[in-house]
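Colleague: quick one: sequence and predicted model below, then my questions.
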Amino acid sequence: MSEQDSVQEHDENQLITLRREKLAAIREQGVAFPNDFKPENNAADLEAAYGDKDKEWLAENPARVRVAGRIMLKRVMGKASFITISDSTGRLQLYVQLAALGEELYESFKGWDSGDIIGASGVMFKTNKGELSVKLDELRLLTKSLRPLPEKFHGLTDHEQRYRQRYLDLIMSDETRATFKMRSKIVAYIRNYFMQRDFMEVETPMLQVIPGGATARPFETHHNALDIDMYLRIAPELYLKRLVVGGFDRVFEINRNFRNEGLSTRHNPEFTMIEFYQAYATYHDLMDTTEELFRGLANDVYGNTTVEYQGLTFDFDKPFVRMTMKESIMHYNKDIEAADLETEYRARLVAEKLGVHLKESFGLGKIITELFDEIVEENLNDPTFITEYPAEVSPLARRSDSDPFVTDRFEFFIGGREIGNGFSELNDAEDQAERFHKQVAEKDGGDDEAMHFDEDYIHALEYGMPPTAGEGIGIDRLVMLFTDAASIRDVILFPHMKPQA
RNA sequence: GGGGCGUUAGCUCAGUCGGUAGAGCAGUUGACUUUUAAUCAAUUGGUCGAGCGUUCGAAUCGCUCACGCCCCA
């Protein structure tokens, strides 16, 4: 038995068998899957055009329309019926009468099922209860649906099934459709924002020989013809900066990164980021840009600068909080004083007291960052920039002129989660080479998230990169904020799931 | 990695003390020309996530596993 046979046999039930029989009968009668019907109207436009007209007006001004969609509800009342169809813009009620369609078609229609896709034309009218509807004089079955839809009132509630069979979730749930329409608008807004500011959109390699630009475990793959191992990119950063070296002063890329880590409500192995780079700018400029971008998104896409997220409220109208990493640690733990963060010895004592787990190899910079992750991050509800990240955890960022221990870097938090990361770029090729060497040493020491030495990138920097600032923003987490989604899986059309048994 | 909860008809869910499977929707048949989760009557439909065990007997109790959700690391 072939795999297909066994799958089908296992999967068939009475309902599907009957629908297959209905389809077989339709095949007998001619073209079962016609493709010559062209709708000219959709539910949303009709509602906008005629929703506020009354019954009399519609009777006196007959409007002919032509629509297509999927049957969601069907109410047969003897010689007349109502069906509710769904198209890409919304729902619409159609009135189907035996007298208007004839005995033969009406009898066939009574055998059609929810889920079937139909085309129809007729005139607009309003029912006695005031619902805008179409009184049909033409009705065609365009696609027979073989599988029964979920229950019409509750829809599909099982999260697992909604993620695994997103098409079904989209058929059944207006909220799901709205979420992904919002996602599309957000991406379009961001793209437009940068285009209008003279940024150029580019595409850089997703298949890389040296995975760089972030500290993360990559996915490994193999190029057969070249017989070399390759990696799916963990970030586009180093390629985008090569473009700045090349003279493209403002570039951005919106695309997927891949990180070989676990699945959770906050992590999908492939996720979407925008990274943008601007020559002759600093991280201070980017913080201003970020504030402006988010305020615009809230206003223009979300429709309000006050955003509700999972019971929290964020006001994007207020100036965003800005504080240094050390300040934030002291702010959220009053027992810690500045001197505790000056030496590795004292910082380790503090971490130990707070139960923060540290590796032997951690230097002061990593210890401070670890303290920040443990006691500060989750508290950063209001939009907040944290600045002065230690150089030890920022191998691609420019050192601060006033304190070489830290970099000209910020991360951006909303709702206790990191949304973005930006810095003045390290354009000192010699410093960059040293930092890569340190990363390689850590890699050799067993840290499989540490960076490789990218010789060609150093080469590029040696030709000279103008002073530049760059930033990455996680699109998925951003969409979560504006759609009030609890899980990253709610904002990714096809999130990764463990294979089923 | 650890803990808790869940998995029963296509979908949404019940299932008592362990006694052999239930409802609503969907489907089928019939009635019904302004319904809207249409209504009314009748009716079909089950690998109770998988496996092992306890028992005269397991959806139910125990163990293992799979997948999902939540919490913790």
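Modeller: Received the coordinates, thanks.

Colleague: from now on I want contacts and neighbour counts done on CA atoms only, so please keep to that.
Modeller: OK.

Colleague: state the mean pLDDT of stretch A:482-494.
Modeller: Averaging pLDDT along stretch A:482-494 yields 94.

Colleague: quick one: is that stretch near RNA strand B?
Modeller: Yes. Counting by CA under 7 Å from any atom of the strand, RNA strand B is contacted by stretch A:482-494 at A:486-487.

Colleague: what residues sit buried inside that stretch?
Modeller: By 16 or more other CA atoms under 10 Å, the buried positions in stretch A:482-494 come out as A:482-485, A:488-493.

Colleague: closest to A:N13 among those residues?
Modeller: Minimum distance to A:N13 across the buried residues of stretch A:482-494 is 28.2 Å, recorded for A:L493 (CA to CA).

Colleague: next, the nearest residue to A:E378 once chain neighbours are set aside: phi, psi?
Modeller: Of all residues not flanking A:E378 in the chain, A:G416 sits nearest, at 4.0 Å (CA to CA, 6 or more residues apart in numbering). The phi/psi pair for A:G416 (degrees, to the nearest 10) reads phi 80, psi 10.

Colleague: hang on, isn't A:G416 packed against A:N381?
Modeller: Yes. Taking contacts as CA atoms under 8 Å, A:G416 lies within contact range of A:N381: 5.0 Å.

Colleague: before we move on, the earlier item: and the residue nearest to A:E378, what does it touch?
Modeller: Going by CA atoms under 8 Å, 6 or more residues apart in numbering, A:G416 touches A:377-381.

Colleague: give me the buried entries from those.
Modeller: The buried subset of those - by 16+ other CA under 10 Å - is A:377, A:380.

Colleague: residues near whichever residue of the stretch 51-200 of chain A sits closest to RNA strand B, how many?
Modeller: Minimum separation of the stretch 51-200 of chain A from RNA strand B (CA to the nearest atom of the strand) falls at A:T127, amounting to 2.8 Å. Applying other CA atoms under 10 Å, we find 14 residues neighbouring A:T127.

Colleague: relative to A:F82, how far out is it?
Modeller: 11 Å (CA to CA, to the nearest Å).

Colleague: same thing with A:S173?
Modeller: 21 Å.

Colleague: equivalent analysis for A:Q29, please.
Modeller: Using CA to CA, A:Q29 is found at 25 Å from A:F82.

Colleague: compare the two (neighbour count), which wins?
Modeller: A:F82 (18 against 9).

Colleague: any idea of the mean pLDDT for the helix or strand harbouring the more buried one?
Modeller: Using DSSP states H and E, A:F82 sits within strand A:80-87. For strand A:80-87, the mean pLDDT works out to 98.

Colleague: and that strand, what does it pack against?
Modeller: If you count contacts as 3 or more CA pairs under 8 Å, 6 or more residues apart in numbering; DSSP states H and E, strand A:80-87 packs onto strand A:64-77, strand A:90-97.

Colleague: is the very next helix or strand once past the shortest one in proximity to RNA strand B?
Modeller: It refers to strand A:90-97. Beyond strand A:90-97 on the C-terminal side, the first helix or strand identified by DSSP H and E is helix A:98-101. Yes. Helix A:98-101 lies within reach of RNA strand B by CA under 7 Å from any atom of the strand, at A:98-99.

Colleague: can I get the CA coordinates of helix A:98-101 in PDB?
Modeller: Output in PDB follows, covering the C-alpha atoms of helix A:98-101 (Å, rounded to 0.1, in the frame of the first residue of the first chain):
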ATOM      1  CA  LEU A  98     -36.300  28.600  -6.000                       C
ATOM      2  CA  ALA A  99     -38.500  30.900  -8.000                       C
ATOM      3  CA  ALA A 100     -35.500  32.900  -9.200                       C
ATOM      4  CA  LEU A 101     -33.100  30.000  -9.900                       C
END
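
Colleague: what helices and strands are in contact with that helix?
Modeller: Under the contact definition 3+ CA pairs under 8 Å, 6+ apart, helix A:98-101 sits against strand A:132-143.

Colleague: again, only using 10 Å
Modeller: strand A:80-87, helix A:103-110, strand A:132-143 (3 or more CA pairs under 10 Å, 6 or more residues apart in numbering; DSSP states H and E).

Colleague: alongside RNA strand B, which residues does the stretch 101-250 of chain A contribute?
Modeller: Checking the stretch 101-250 of chain A against RNA strand B by CA under 7 Å from any atom of the strand, the hits are A:111-114, A:126-131, A:133, A:147-160.

Colleague: rerun at 6 Å
Modeller: Within the stretch 101-250 of chain A, the positions lying close to RNA strand B (CA under 6 Å from any atom of the strand) are A:111, A:113-114, A:127-131, A:148-160.

Colleague: show me which of the residues you listed are buried.
Modeller: A:113-114, A:149-150, A:156.

Colleague: need those residues in JSON lines (columns: pLDDT and secondary structure).
Modeller: JSON lines is the format used below for those (pLDDT from 0 to 100; DSSP: H, G, I helix; E, B strand; the rest coil):
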{"residue": "A:D113", "pLDDT": "97", "secondary structure": "coil"}
{"residue": "A:S114", "pLDDT": "96", "secondary structure": "coil"}
{"residue": "A:L149", "pLDDT": "95", "secondary structure": "coil"}
{"residue": "A:P150", "pLDDT": "95", "secondary structure": "coil"}
{"residue": "A:L156", "pLDDT": "94", "secondary structure": "coil"}
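
Colleague: low-confidence stretches in chain A?
Modeller: Applying pLDDT under 70 to chain A picks out residues A:1-12, A:501.

Colleague: longest helix in it, by residue count?
Modeller: For chain A, the longest helix by residue count, based on DSSP state H, is helix A:174-196.

Colleague: run through who's touching whichever helix or strand comes after that one.
Modeller: Per DSSP H and E, the first helix or strand lying C-terminal to helix A:174-196 is strand A:200-201. With contacts defined as CA atoms under 10 Å, 6 or more residues apart in numbering, strand A:200-201 is touched by A:191, A:194-195, A:248-254, A:276-277.
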